[in-house]
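A.B. asks: structure of the sequence below:
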Amino acid sequence: THFKVYPVVAHWVWSKNGFLSRLAENPLWGVGMIDFAGSSVVHVTGGMTALIATSILGPRKGRFHHAKTGLKLSEPNPMHGHSKSLQMLGTFILWFGWFGFNAGSAINVLTELRPWLMANATVNTTLSAAAAGVTTLVTNLIITERRTGEPIYNMTYTMNGCISGLVAITGGAAVVKPWAAIIIGVVAGWLYLFSSNLLVRWCIDDAVDSIPIHLSNGIWGTIATSLFASSDGLKRLLNI
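C.D. replies: Numbering: from 1, shown residues only. Purely as a prediction, here's the structure:
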């Protein structure tokens with residue numbers, strides 16, 4: 001389904017003929033939609049697909065209900081991944097690849113404007129991911145300590161928080177200031193924690209937390225671009 005939907009959404013935002021595109025002859029509201037590397041085009045589309053697929057498939061056996069009796073569990077079975085080391089390796093591979101994903105999106109900009117946009121996108125990508133990871137770690141640490149009396153350093157939340165920060169900054173990586181990237185990352189970390197726990201409360205079994213990461217923070221990244229886009233960044237991106 002995703003391979004059928006994605007080209008349509010990408011056409012809307014990135015094609016010169018798209019009704020949301022900033023490249024159109026008469027862009028929406030004079031500027032069109034700024035989605036530099038795909039917070040909405042890539043991540044909201046993918047996250048929505050994940051939500052629909054997860055809802056259709058249903059939870060894994062034994063996740064929210066007893067595997068034999070079918071009775072609802074008092075506490076959901078967490079079903080942890082088998083290797084934190086591989087998960088950490090995957091997170092760093094994604095983070096490294098994101099530099100090419102975000103900075104490389106300046107490929108269609110005028111040559112003389114490209115270096116500034118690429119450098120800004122690279123710095124902001126790092127700051128947002130780092131801010132989101134630290135925010136997720138510390139916030140969850142405080143919450144678990146208040147609830148149980150024992151602080152827990154949850155590395156899975158931390159790694160997913162980093163990816164959430166990457167998703168959130170994708171839409172405006174080249175056009176926001178570094179201080180704004182930190183704010184975007186902090187909010188992304190909080191939003192990930194809230195969305196992840198909300199899915200568990202609703203008994204939606206997202207095995208890798210793709211919905212909180214991509215859908216929730218893709219939406220936030222789209223909104224954050226409109227809130228924090230700088231005049232310098234927009235002038236260089238739009239060549240005005």
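
A.B. asks: what is the neighbour count of Pro78?
C.D. replies: 9 (other CB atoms under 10 Å). Bear in mind the C-beta positions are built from the backbone N, C-alpha and C, glycine included.

A.B. asks: tell me the secondary structure for it?
C.D. replies: What DSSP: H, G, I helix; E, B strand; the rest coil gives for Pro78 is coil.

A.B. asks: report pLDDT for it.
C.D. replies: Reported pLDDT at Pro78 in the predicted model: 84.

A.B. asks: now swap in the one 5 residues further on and tell me
C.D. replies: Per-residue confidence (pLDDT) for Ser83: 89.

A.B. asks: what of His65?
C.D. replies: 84.

A.B. asks: in this structure, which spans are helices?
C.D. replies: Using DSSP state H, the helices found in the chain span residues 2-14, 45-57, 84-103, 114-148, 155-170, 178-201, 210, 217-228, 231-238.

A.B. asks: and of those helices, who's closest to Asn77?
C.D. replies: helix 178-201 (10.7 Å; CB to CB).

A.B. asks: what's near enough to touch the residue nearest the centre of the chain?
C.D. replies: Nearest to the geometric centre of the chain sits Val167, at 2.6 Å (CA atoms, centre = their mean). Contact analysis of Val167 by CB atoms under 8 Å, 6 or more residues apart in numbering lists 39, 43, 188, 213-214, 217-218, 221.

A.B. asks: apply 7 Å and report the result again.
C.D. replies: Taking CB atoms under 7 Å, 6 or more residues apart in numbering, we find Val167 in contact with 39, 43, 213-214, 217-218, 221.

A.B. asks: ditto for Gly62
C.D. replies: Going by CB under 7 Å, 6+ apart, the list of residues near Gly62 reads Asn77.

A.B. asks: Leu198 versus that one, what's the distance?
C.D. replies: Distance, Gly62 to Leu198, by CB to CB, to the nearest Å: 21 Å.

A.B. asks: what would the helices of the chain look like in TSV with distance to Gly70?
C.D. replies: Below are the helices of the chain laid out as TSV (distance: least, CB to CB, whole Å):
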stretch	distance to Gly70
helix 2-14	32
helix 45-57	17
helix 84-103	31
helix 114-148	29
helix 155-170	28
helix 178-201	19
helix 210	27
helix 217-228	34
helix 231-238	54
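
A.B. asks: need the winner for burial among these.
C.D. replies: For these, the largest average neighbour count (mean count of other CB atoms under 10 Å) is found in helix 155-170, namely a mean of 28.

A.B. asks: average pLDDT for it?
C.D. replies: Per-residue scores along helix 155-170 average to 96.

A.B. asks: how about it as CSV, C-alpha atoms only?
C.D. replies: Output in CSV follows, covering the C-alpha atoms of helix 155-170 (Å, rounded to 0.1, in the frame of the first residue of the first chain):
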residue,chain,number,x,y,z
MET,A,155,18.2,2.8,26.5
THR,A,156,15.5,1.7,24.1
TYR,A,157,13.6,4.9,24.9
THR,A,158,16.8,6.9,24.5
MET,A,159,17.6,5.4,21.1
ASN,A,160,14.0,5.8,19.8
GLY,A,161,14.1,9.4,21.2
CYS,A,162,17.2,10.1,19.0
ILE,A,163,15.3,8.8,15.9
SER,A,164,12.3,10.9,16.9
GLY,A,165,14.5,14.0,17.0
LEU,A,166,15.8,13.1,13.5
VAL,A,167,12.3,12.7,12.1
ALA,A,168,11.1,16.0,13.7
ILE,A,169,14.0,18.1,12.3
THR,A,170,13.7,16.6,8.8
